[in-house]
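Novice: give me a 3D structure for the following:
(chains A, B and C)
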Amino acid sequence: MQIPEVTPDATLNICLDTLKKGKQALVFVNTKRGAEKAAEDISKKTKLANAALTQLAEESLKALSKPTVQCERLARCLKEGVAFHHAGLHAKQKELIETNFRNGTVKIIACTPTLAMGLDLPAYRCVIRDLKRYSQRGMGFIPVLEYLQMAGRAGRPKFDNVGEAICIANSEHEKEDIQVRYIHGDPEDIYSKLAVEPVLRTYILSLIASNFVRTRKELMAFFGKTFWAHQFKDLDKLEHIIDKMLELLETWEFILPSGKDDFVSASELAKDVQHRPTVIGKRVAELYLDPLTAHELITAIRKANATKTTNVVAFLHAICTTLEMRPLLNVGTKDYDAVQRTLVEWDKQLLVNEPTAFDPEYDEYLNATKTAMMLHAWMEETDEQTLLDAFNVRPGELHVKTDNADWLLYSMMELANLLNCNDVIKSINKTRVRLRYGAREELIPLLKLEGIGRIRARSMFKAGIKDLGDVRKATLEQLTVLLGKAVALSVKKQTGEHH
DNA sequence: GGACGGTGAAACTTCAGGTTGCCTC
DNA sequence: GAAGTTTCACCGTCC
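Specialist: Sure, this is the predicted structure:
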């Protein structure tokens, strides 16, 4: 197969050739920035602009109350029938792109591996531009499994008999390398996810909490049958790991060993220890929290209760130090000073103490702090563009983070409830509402109204309408000016007035 | 002499994704 | 590893 070399860029040439055939293509790229750049470059050459695409572009700008530079860039690409797709996009924009690719309006998508994973978005051609990607160990080849995922998007069963997956090589040497490694290579072995400690901890606790297993023997028997054990082979070591975990769960008071009041003979006890969940342990399992996280949250709650902490920053910071919030924002050389300064400022109120600078966990602590700073900025009503500039966080990523944090705050409230820390519950709930809406405390009463988010609540507040009482007092005309007719009516209705 | 501006080379920085966890009265 | 960004030395111009 020969592709005309219209430009020096091979990826671009393939895309233009695909368009000439009247087909669609996906271009898999290595970074978010790369995806946007690739889409932009392609969009400059497609000459597809039409009315439907212009409308699509305009729609994509409406995803946020105030479009970010990312939104504008997407709109420019969409006008030419091209899109980029990565986790930083707002959910509405992702959906818009997906449906319009499926119906054929959008011809080319440049994307990060997002599209290869979940969604079923097949295309005639898949261009796999980057087979290397940055990871903790530096730049390296992606797994064969991942290559297969991407290549598997080529060919739409309903429309084409064939599909083409094309890798881009920059040299003869690279071409051979790709052939050996990916085209003729074997996918790597699959490893059991149980091998990861947090998963194992969670699993053991949930087995005990649900009374699925009652004794150590049963627990061992259960794990003996898993894929993990099959891979692990060394059963003695496996038992040792599980025993260590049980011990931890016991010290954290999530499970009890068989009590002295139980009628079990001494010899039997030695062979087989019985485990029961505690009330808290049961709840932790239901919440699907990693027991370590739960333990850390409980420690934080106790401290908050003892010190009468009410500051939202303290709770925000506490949840950011848990494993569940990872990956965290990275503290680079540029924001190192700012993070340090904030840490000094927050120091007295924080529930999780700063490790020493020599501690291997120190960097992650700084990252957690930066993540908390970002979420805090959001709660102080910072707009999306500013968050992008200051923290390099895009709307889609913000949503993933706030959603995650919301769940952790909820879990924290549940634990505080079991610990009878009522003041703490109140403060956490305040944090949760503010985080969800990205608003300051003073807007909370207004946010209870359906159809009112941070933007509308703020404009009402500015106009002197500060709580539900004010809403009742305000005239429909007043509200209509601020919110538009439909929303004004709905708000009035919610506060008990009927028109 | 000195403030300013343009230029290019070198140094530096950054880099994918996200299942389900819960509860809404 | 590669692309984008910042920094910095260097040079020329104008006052």
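Novice: how close does the closest residue to DNA strand C within the stretch 351-499 of chain A sit to residue A:381?
Specialist: Here the stretch 351-499 of chain A gets closest to DNA strand C at one residue, residue A:389, 10.2 Å apart by Cβ to the nearest atom of the strand. The way it works is simple: take the backbone N, C-alpha and C, and place the C-beta from them, glycine included. Distance of residue A:389 to residue A:381, computed by Cβ to Cβ, to the nearest Å: 16 Å.
Novice: before we move on, back to that, the residue of the stretch 351-499 of chain A closest to DNA strand C sits in which helix or strand?
Specialist: Residue A:389 belongs to helix A:384-391 when assigned by DSSP states H and E.
Novice: so which bits of that helix are buried?
Specialist: Of the residues in helix A:384-391, A:384, A:385, A:387, A:388, A:391 count as buried by neighbour count, 16 or more other Cβ atoms under 10 Å.
Novice: ok, the first one - contacts?
Specialist: Applying Cβ atoms under 8 Å, 6 or more residues apart in numbering, we find residue A:384 in contact with A:64, A:66, A:68, A:394, A:395, A:398.
Novice: so where's the longest helix in chain A?
Specialist: helix A:395-418 (DSSP state H).
Novice: dump that helix to PDB, restricted to CA.
Specialist: C-alpha atoms of helix A:395-418 as PDB (Å, rounded to 0.1, in the frame of the first residue of the first chain):
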ATOM      1  CA  PRO A 395     -11.900  20.300  33.300                       C
ATOM      2  CA  GLY A 396     -12.200  16.500  32.800                       C
ATOM      3  CA  GLU A 397      -9.400  15.900  35.300                       C
ATOM      4  CA  LEU A 398     -10.900  18.200  37.800                       C
ATOM      5  CA  HIS A 399     -14.100  16.300  37.600                       C
ATOM      6  CA  VAL A 400     -12.400  12.900  38.300                       C
ATOM      7  CA  LYS A 401     -10.600  14.500  41.200                       C
ATOM      8  CA  THR A 402     -13.600  16.100  42.800                       C
ATOM      9  CA  ASP A 403     -15.700  13.000  42.300                       C
ATOM     10  CA  ASN A 404     -13.000  10.900  44.000                       C
ATOM     11  CA  ALA A 405     -12.700  13.400  46.900                       C
ATOM     12  CA  ASP A 406     -16.400  13.500  47.300                       C
ATOM     13  CA  TRP A 407     -16.600   9.800  47.900                       C
ATOM     14  CA  LEU A 408     -13.700  10.000  50.400                       C
ATOM     15  CA  LEU A 409     -15.400  12.800  52.300                       C
ATOM     16  CA  TYR A 410     -18.600  10.800  52.300                       C
ATOM     17  CA  SER A 411     -16.700   7.800  53.700                       C
ATOM     18  CA  MET A 412     -15.100  10.100  56.300                       C
ATOM     19  CA  MET A 413     -18.500  11.300  57.400                       C
ATOM     20  CA  GLU A 414     -19.700   7.800  57.800                       C
ATOM     21  CA  LEU A 415     -16.700   6.900  59.900                       C
ATOM     22  CA  ALA A 416     -17.100  10.100  62.000                       C
ATOM     23  CA  ASN A 417     -20.700   9.000  62.600                       C
ATOM     24  CA  LEU A 418     -19.700   5.700  64.000                       C
END
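Novice: by contact count, what packs against that helix?
Specialist: If you count contacts as 3 or more Cβ pairs under 8 Å, 6 or more residues apart in numbering; DSSP states H and E, helix A:395-418 packs onto helix A:91-102, helix A:279-287, helix A:291-307, helix A:312-320, helix A:362-379, helix A:384-391, helix A:422-437.
Novice: tell me the mean pLDDT over the helix holding residue A:389?
Specialist: The predicted model assigns helix A:384-391 a mean pLDDT of 91.
Novice: repeat for stretch A:182-202
Specialist: Rounded mean pLDDT across stretch A:182-202 is 88.
Novice: do it and DNA strand B meet?
Specialist: No: applying Cβ under 7 Å from any atom of the strand, one finds stretch A:182-202 separated from DNA strand B by no less than 9.2 Å.
Novice: please write out the alpha-carbon positions of that stretch in CSV.
Specialist: Presented in CSV, the C-alpha positions along stretch A:182-202 are these (Å, rounded to 0.1, in the frame of the first residue of the first chain):
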residue,chain,number,x,y,z
TYR,A,182,4.4,-5.8,18.3
ILE,A,183,3.4,-7.3,15.0
HIS,A,184,4.9,-10.7,15.6
GLY,A,185,5.3,-10.3,19.4
ASP,A,186,3.4,-12.1,22.1
PRO,A,187,1.3,-10.2,24.5
GLU,A,188,2.7,-10.2,28.0
ASP,A,189,1.3,-12.4,30.8
ILE,A,190,-1.6,-11.1,32.8
TYR,A,191,-0.9,-10.6,36.5
SER,A,192,-3.4,-11.0,39.2
LYS,A,193,-4.5,-7.7,40.7
LEU,A,194,-4.7,-9.3,44.1
ALA,A,195,-1.0,-9.0,44.3
VAL,A,196,-1.3,-5.3,45.1
GLU,A,197,-1.4,-4.8,48.8
PRO,A,198,-4.3,-2.4,49.1
VAL,A,199,-6.5,-4.7,47.0
LEU,A,200,-5.5,-7.7,49.1
ARG,A,201,-6.3,-5.8,52.3
THR,A,202,-9.6,-4.7,51.0
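Novice: identify the residue nearest residue A:18 in space, chain neighbours excluded?
Specialist: Nearest non-adjacent residue to residue A:18, counting by Cβ to Cβ, 6 or more residues apart in numbering: residue A:25, 4.3 Å away.
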